[in-house]
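Asks: any chance you can model this:
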Amino acid sequence: MIYLDYAATHPMTPEALAAYAQAAALPGNPASVHAAGQAARERLEEGRARVAAVLRVDARTLLANGGGTEGDNHVLFGVARAWEETRGRPGHLVTTLTEHSAVLAPARALATQGWAVTFLPPDAQGRYSPDQLAEALRDDTALVSIHHANNELGTVQDTPALVAVAAARGIPYHTDAVQAPGVLPLDLTGWGVTFASFSAHKWGGPRGVGFLYVRRGTVLPAVTLGGGQEGGLRPGTQNTAGVYAAGVALTQAEAAREDTFAHLSALRTRFLQGATALPGLRVNHPPDASPKVASVTLPGADGEALLMNLDLLGISASAGSACAAGTMQPSHVLTALGLSEADARATLRFSFGRATTEAEVDAAADALRQAAAFSRG
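Replies: As a prediction, this is how the structure comes out:
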């Protein structure tokens, strides 16, 4: 099997797996005051500190949680709760049409609760401009939520410029940065973001573990109740082994990040050189998108059949976000860019990782040509 679905999940690295096993063997609850509990606490905080060091933030600003979806939901619902508690009425949220469903779903839920929600349309390459954001802001805008790197296209936003627009109006800014670590540089403090969401399984850590950055001095209510863990903002026993392994994996990913970027760039170029021999094939991502992702459309093909044929040929790819898999709906990201539903259904996402080889992308391009012939035939 050739695995080319790193945007969905980066396989857990051997180092992270070893770290997980080591920490999981500890018997204590990190909230317990006895020696066993404090040994677990040490591993928990070491993992958090490692993540904070890579993100160049104070470890106290990172909430350990279950992943990007939980972080996105916490920010949107938490900010909404704080706004309503202080102002007594719903406010206004600005987000985009190409967000991950973990942002779109809570945004739509807030809309049913009286919130005004502006969904910014993207340009042809999936970008949003500072002027576009400035025009959307209102006196009652409570939050701006715009992803940093898109999970289907790899399009990278000019987050510092967008943050500056919101900051000039005193509006908190959240970015879903799940796809960035290990590939793209991040400077949360320098950019001035208020909140940022992360998932460890995108950089070679375990699934079901993530972090939410909350800038110091920011009010964010808890949206679940039941304990005092994570400063009372995220109750429940922390995943000690997961957080520790996440920190080990991110340290490793950051040390190799520049080499990884160059490696992925070369791989994507090589893959596209082989794939573009297919008649009519279109590339959807912009040239300067994260090199982790290649999005291609084969008009007239059936995407589901393409994926099945690729799988039979030993290639693991996807039709888009893993979180939307099985819905049988065309990608909302692609239709927002103007693709027809038919073309959106004929689109595949190949995503690469540090362990991907040239031979594997050559094989994938060849398999895509075979799969296309099968599905169109």
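
Asks: hey, where'd the helices end up in the stretch 101-250 of the chain?
Replies: Counting by DSSP state H, counting those that start in this stretch, the segments of the stretch 101-250 of the chain that form helices are 101-111, 130-136, 159-168, 188-191, 240-255.

Asks: buried residues in the next helix or strand along the chain from the longest one?
Replies: So that's helix 240-255. On the C-terminal side of helix 240-255, the closest following helix or strand by DSSP states H and E is helix 257-275. For helix 257-275, burial by neighbour count (16 or more other CB atoms under 10 Å) applies to 257, 260, 261, 263, 264, 267, 268, 271, 272, 274, 275. In this view, the C-beta of every residue, glycine as well, is placed from N, C-alpha and C.

Asks: before we move on, what about stretch 157-167?
Replies: 157, 159, 162, 163, 164, 165, 166, 167.

Asks: now do the contacts for the second one.
Replies: Contacts for residue 159 were tallied using CB atoms under 8 Å, 6 or more residues apart in numbering; they are 146, 148, 175, 191, 193.

Asks: at the geometric centre of the chain, which residue sits there?
Replies: The C-alpha lying nearest the average C-alpha coordinate of the chain belongs to residue 178 (CA atoms, centre = their mean; 2.7 Å).

Asks: just send the buried residues of helix 257-275 back as JSON lines, with pLDDT and distance to residue 1 too.
Replies: Formatted as JSON lines, these follow (pLDDT from 0 to 100; distance: CB to CB, whole Å):
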{"residue": "257", "pLDDT": "98", "distance to residue 1": "26"}
{"residue": "260", "pLDDT": "98", "distance to residue 1": "22"}
{"residue": "261", "pLDDT": "98", "distance to residue 1": "25"}
{"residue": "263", "pLDDT": "98", "distance to residue 1": "20"}
{"residue": "264", "pLDDT": "98", "distance to residue 1": "20"}
{"residue": "267", "pLDDT": "98", "distance to residue 1": "17"}
{"residue": "268", "pLDDT": "98", "distance to residue 1": "20"}
{"residue": "271", "pLDDT": "98", "distance to residue 1": "17"}
{"residue": "272", "pLDDT": "96", "distance to residue 1": "22"}
{"residue": "274", "pLDDT": "94", "distance to residue 1": "19"}
{"residue": "275", "pLDDT": "93", "distance to residue 1": "19"}
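
Asks: which pair in the contacts of residue 159 spans the largest distance?
Replies: 146 and 191 (11.8 Å; CB to CB).

Asks: neighbour-wise, which of the contacts of residue 159 leads?
Replies: With neighbours taken as other CB atoms under 10 Å, the top of those is residue 175, carrying 28 neighbours.

Asks: bridging residues for that residue?
Replies: residue 196 (DSSP bridges).

Asks: close enough to count as contact, it and residue 144?
Replies: No: look at residue 175 against residue 144 with CB atoms under 8 Å: they stay out of range, at 9.0 Å.

Asks: how about the strands in this protein?
Replies: 2-3, 62-65, 92-96, 116-120, 141-145, 173-176, 195-199, 210-214, 282-283, 293-297, 315-316, 347-351 (DSSP state E).

Asks: who does the third one pair up with?
Replies: Paired neighbours of strand 92-96 in the sheet (DSSP bridges): strand 116-120 (parallel), strand 141-145 (parallel).

Asks: out of those strands, nearest to residue 15?
Replies: Comparing those against residue 15 with CB to CB, the closest turns out to be strand 141-145 (33.0 Å).

Asks: for that closest one, C-alpha coordinates in PDB please.
Replies: The C-alpha trace of strand 141-145 is given here as PDB (Å, rounded to 0.1, in the frame of the first residue of the first chain):
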ATOM      1  CA  THR A 141     -18.700  41.500  15.200                       C
ATOM      2  CA  ALA A 142     -17.600  39.200  18.100                       C
ATOM      3  CA  LEU A 143     -15.200  36.900  16.200                       C
ATOM      4  CA  VAL A 144     -13.400  36.300  13.000                       C
ATOM      5  CA  SER A 145     -12.500  32.700  12.200                       C
END
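
Asks: chain center to stretch 33-48, what's the gap?
Replies: Taking CA atoms, centre = their mean, to the nearest Å, the mean C-alpha location of stretch 33-48 is offset from the chain mean by 28 Å.

Asks: any buried residues in it, and which?
Replies: Neighbour counts over stretch 33-48 (16+ other CB under 10 Å) mark 37, 39, 40, 41, 42, 43, 44, 45, 46, 47, 48 as buried.

Asks: what of stretch 199-210?
Replies: Buried positions in stretch 199-210, judged by neighbour count with 16+ other CB under 10 Å: 199, 200, 201, 202, 203, 204, 205, 206, 209, 210.

Asks: residues contacting the closest residue to the last one other than its chain neighbours?
Replies: Closest residue in space to residue 210, ignoring its immediate chain neighbours: residue 67 at 3.6 Å, by CB to CB, 6 or more residues apart in numbering. Applying CB under 8 Å, 6+ apart, we find residue 67 in contact with 199, 200, 201, 207, 208, 209, 210.

Asks: which two of these have the greatest separation?
Replies: 207 and 210 (9.7 Å).

Asks: which neighbours do these two share?
Replies: Shared contacts of residue 207 and residue 210, defined by CB under 8 Å, 6+ apart, are found at 67, 200.

Asks: quick one: low-confidence ranges for this protein?
Replies: Across the chain, the ranges flagged by pLDDT under 70 are 320-328, 375-377.

Asks: could you rerun that using 50?
Replies: Flagging of the chain using pLDDT under 50 yields the residue ranges 321-325.
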